[in-house]
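Peer 1: Below is the structure, and that's it, no one-letter string:
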């Protein structure tokens, strides 16, 4: 995806180009896989953070994704969490081509939370609750980095854990 490439490679892009890419991402958000959505949200957070500290950001040319884009991605993320109850015992790493369950991987959960924190936008309460419940089901998949990024995001956004057993996640590392 173009957003991930720009965030990873860091070529200077203007707010106009980012606006066009953001509009396209909003159009396709409802059909994104969990992996592509998590990467797109991560990229938005990384690009926004990078541009704020860049020369463009100092000139007032920083770019923030419009609320409609993050809302569309939030809607899709909620559907990818498998509902409030989720589906226990199923595969979670979408994008490998052989997984029927559209849920986020541990990295996907961490990326989504990190992205919202980097953008300074709280995910809606329902999305946060679903991410927490999903994280509880797949906690064994979390690496130390996934735990750290998730907890950092929750702290930055002053989000309560809604049943996310932070002690359990921390004991895993």
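Peer 2: Done, it's in. None of the values given here were measured: they were computed from a predicted structure.
Peer 1: State the distance from residue 43 to residue 25.
Peer 2: Residue 43 sits 9 Å away from residue 25, going by C-beta to C-beta, to the nearest Å. C-beta: built from backbone N, CA, C; applies to glycine.
Peer 1: can you check residue 137 too?
Peer 2: Taken as C-beta to C-beta, the span from residue 137 to residue 25 is 28 Å.
Peer 1: More neighbours: which of these two?
Peer 2: Neighbour tally, residue 137 and residue 25, criterion other C-beta atoms under 10 Å: the higher count belongs to residue 25, 23 against 17.
Peer 1: Ramachandran coordinates for the more buried one?
Peer 2: Phi and psi for residue 25, reported as degrees, to the nearest 10, are phi -60, psi -40.
Peer 1: which stretches of this protein have low pLDDT?
Peer 2: Scanning the chain for pLDDT under 70 picks out 1-2, 10-13, 50-63, 82-102, 160-173.
Peer 1: For it, which segments count as helices?
Peer 2: Taking DSSP state H as the test, the helices found in the chain are 2-9, 15-28, 34-53, 55-58, 67-80, 106-119, 125-137, 144-156, 166-172.
Peer 1: Which of these has the highest mean neighbour count?
Peer 2: Burial of these is given as mean neighbour count (mean count of other C-beta atoms under 10 Å); helix 106-119 ranks first at a mean of 25.
Peer 1: quick check: angle from it to helix 125-137?
Peer 2: 150 degrees (axes from the mean of the first three to the mean of the last three C-alpha atoms, to 10 degrees).
Peer 1: Now do stretch 28-35: distance from first to last residue.
Peer 2: End-to-end distance for stretch 28-35, by C-alpha to C-alpha, to the nearest Å: 14 Å.
Peer 1: do stretch 7-17 as well
Peer 2: For stretch 7-17, the end-to-end distance is 13 Å (C-alpha to C-alpha).
Peer 1: I'd like to know how far the nearest residue to residue 37 once chain neighbours are set aside sits from residue 28.
Peer 2: Among residues not flanking residue 37 along the chain, residue 76 sits closest, at 5.6 Å (C-beta to C-beta, 6 or more residues apart in numbering). According to C-beta to C-beta, residue 76 and residue 28 sit 10 Å apart.
Peer 1: likewise residue 44?
Peer 2: 14 Å.
Peer 1: Check residue 123 too.
Peer 2: Residue 123 is 20 Å from residue 28, where distance means C-beta to C-beta.
Peer 1: Over to residue 131?
Peer 2: Counting by C-beta to C-beta - residue 131 and residue 28 are separated by 21 Å.
Peer 1: Residue 5 now?
Peer 2: Computed as C-beta to C-beta, the residue 5 to residue 28 distance reads 16 Å.
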